[in-house]
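**Student:** what follows is a predicted protein model with its sequence.
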Amino acid sequence: MRNIVTKNIKYLFKGESAINAFRIVAGVYIPVIILFALGFKTEAIQFLLGGSFISAVDLNINFISKLKLFFVAFFLSLGLHLGVIMLADNPVVLNIFLSIAIFF
């Protein structure tokens with residue numbers, strides 16, 4: 001039984017999704033947490049927005065699908081950036097906007 005569990009755990013962490021998730025956490029979220037902890041909140045939000053764009057187009061798919069996804073991610077990222085810029089002076093509305101954008 002233990003051998004089967006160990007085998008399944010190794011299989012999970014060797015999968016492409018786990019590797020991509022680790023790259024995103026290590027390359028985006030950890031630096032964002034560090035930036036927030038150091039007091040660079042604006043830079044942390046910009047870094048997070050850029051990381052969300054990169055993670056949306058960093059997939060192992062064919063070129064045509066990646067190109068379509070790139071344009072969708074570009075316009076969604078552009079809208080997200082514009083929303084953050086326009087709402088930067090009002091933190092309550094900015095947090096509501098980011099919550100809606102992240103979870104929906």
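**Tutor:** Sure thing, it's come through. Note that the structure is predicted; figures quoted are calculated from it, not measured. Numbering: from 1, shown residues only.

**Student:** what's the closest non-adjacent residue to L87?
**Tutor:** Among residues not flanking L87 along the chain, L94 sits closest, at 4.2 Å (CB to CB, 6 or more residues apart in numbering). Heads up, the C-betas are built off the backbone N, CA and C, glycines and all.

**Student:** got a pLDDT number for that neighbour?
**Tutor:** Listed pLDDT for L94 reads 85.

**Student:** that one against V84, yeah?
**Tutor:** Yes: here L94 reaches V84: they are 6.7 Å apart, a contact under CB atoms under 8 Å.

**Student:** which intervals of the chain have sub-threshold pLDDT?
**Tutor:** Along the chain, the parts satisfying pLDDT under 70 run over 1, 15-17, 55-59, 104.

**Student:** helices of that one, residue ranges please.
**Tutor:** Secondary structure of the chain (DSSP state H): helices at 2-14, 16-24, 30-38, 41-57, 63-86, 91-103.

**Student:** tabulate the ones you listed (TSV), appending mean neighbour count.
**Tutor:** Below are these laid out as TSV (neighbours: other CB atoms under 10 Å):
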stretch	mean neighbour count
helix 2-14	9
helix 16-24	12
helix 30-38	13
helix 41-57	16
helix 63-86	13
helix 91-103	12
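
**Student:** any idea how far N60 is from I19?
**Tutor:** Per CB to CB, to the nearest Å, N60 is found 10 Å from I19.

**Student:** likewise for L12?
**Tutor:** Using CB to CB, we find L12 at a distance of 11 Å from I19.

**Student:** what's the answer for P31, then?
**Tutor:** The gap separating P31 from I19 is 19 Å, by CB to CB.

**Student:** list the contacts for the residue nearest to L87?
**Tutor:** 84, 87-88 (CB atoms under 8 Å, 6 or more residues apart in numbering).

**Student:** any idea how far the residue most central in space within the chain lies from F13?
**Tutor:** Nearest to the mean C-alpha position of the chain, by CA atoms, centre = their mean, lies S52 at 3.4 Å. According to CB to CB, S52 and F13 sit 24 Å apart.
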